[in-house]
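S.K.: I would like the atomic coordinates for the input below:
(one chain, ligands or ions: 1)
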Amino acid sequence: MKIGIVGTGNMGEAILKGLLNNVVSAQDIVCVDKVQASVDHISQRYQVVCSTEISAIKDCDVVVLGVKPQNMDEVLPLIGKHINQNTLIISIAVGLTSSYIVKNLGITNAAVVRAMPNTPALVGKGVTGLAKGEFATAEHLAIAKNLLAAVGQVVVVEENLIDVVAATSGSGPAYYFFVTELLIESAVKHGLTRDVAQVLVENTFMGSSALFESSADDVVELRRKVTSPQGTTQAAIEFLESKDLKGIWENALGAAIKRAEEISKN
Ligand SMILES: NC(=O)c1ccc[n+]([C@@H]2O[C@H](COP(=O)([O-])OP(=O)(O)OC[C@H]3O[C@@H](n4cnc5c(N)ncnc54)[C@H](OP(=O)(O)O)[C@@H]3O)[C@@H](O)[C@H]2O)c1
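M.R.: Prediction:
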């Protein structure tokens, strides 16, 4: 199977790296990027064919679209000239519906699968939500699942829920880093030096993730084990609950979903 990746920025490169490590050999991949310097970087680093010409993807069975949504209007009609109805298109663009992609490719009934990865894909620990478009089959979905599994876990949802995936796990790494940042700031405010606060918070979060991964307990039980009745942790959690932290998170996710709908193109 020959795979093309158009747009080898953060996500495109992460997917390329994962595919080479796990699924395909370098001669089965072709990359396209806009700037010659990026093309040189990719071809030297990964020993794959890389070009500034979209026509390089002409023999590909699968084309991964890794360009930003605002570049899709320009890229889709060009790709449409070099593929056919049998080509599987995997789009990682936030907000662009499969029908929009089909329409702009100009290929009747094009098989499109939307994928929503996240940045831990850069270290092979991403999670991707997949949704098949109207003309993609279960077989197309299985191919996409196999390819995206190269950069982490994969879940499948209906396309109308892909914005919720984007708001949850696509944006998720930013929530994690933001909470890390806020906890460091709070510890500094209460007297720790920044260096010490940083070591404590970063290692607490990384250690908790490792504990979660290796434990049979779910998150609720793991939290309960740290929260002794009438203890210090309970005091902090009760304060957060009194400020309706649950409602705040629901509204934050709601805001991200609303934004995805606003920038969505059908
Ligand atoms: N980053 C995330 O957390 C995340 C999560 C989920 C989904 N996504 C989606 O992933 C996609 C890529 O995001 P990213 O963060 O990887 O962006 P990025 O780093 O900017 O990568 C996009 C790449 O596409 C290239 N490009 C632009 N126009 C092109 C063209 N006409 N032909 C070929 N290549 C072209 C860009 O080149 P130049 O730099 O020279 O313009 C750049 O190398 C977006 O659609 C985004 O919605 C991102």
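S.K.: Whatever helix or strand residue 178 lives in packs against which elements?
M.R.: Residue 178 belongs to helix 172-189 when assigned by DSSP states H and E. Where contact means 3 or more CB pairs under 8 Å, 6 or more residues apart in numbering; DSSP states H and E, helix 172-189 is packed against helix 194-214. For the C-beta atoms, the positions are set from N, CA and C on the backbone; glycine is no exception.
S.K.: Pull the residues that contact the helix or strand just after the helix it packs on.
M.R.: Once the chain leaves helix 194-214, the next helix or strand it forms, by DSSP H and E, is helix 219-226. By CB atoms under 8 Å, 6 or more residues apart in numbering, the residues outside helix 219-226 that reach it are 208, 211-212, 215, 217, 233, 237.
S.K.: ditto for stretch 254-266
M.R.: 69, 94-97, 99-100, 163-164, 166-167, 171.
S.K.: before we move on, which element is residue 31 in?
M.R.: Per DSSP H and E: strand 29-32 holds residue 31.
S.K.: list the contacts for whatever residue of the stretch 1-150 of the chain ends up closest to the ligand?
M.R.: Going by CB to the nearest ligand atom, the ligand is nearest to residue 9 of the stretch 1-150 of the chain, at 1.8 Å. Counting by CB under 8 Å, 6+ apart, residue 9 touches 33, 38, 66-68.
S.K.: Centre of the chain to the strand holding residue 31, how far?
M.R.: Remark: strand 29-32 is offset 20 Å from the chain centroid, using CA atoms, centre = their mean, to the nearest Å.
S.K.: List the buried residues in the next helix or strand after that strand.
M.R.: Using DSSP H and E, the helix or strand that directly follows strand 29-32 along the chain is helix 36-46. Going by neighbour count (16 or more other CB atoms under 10 Å), the buried part of helix 36-46 is 38-39, 42-43, 46.
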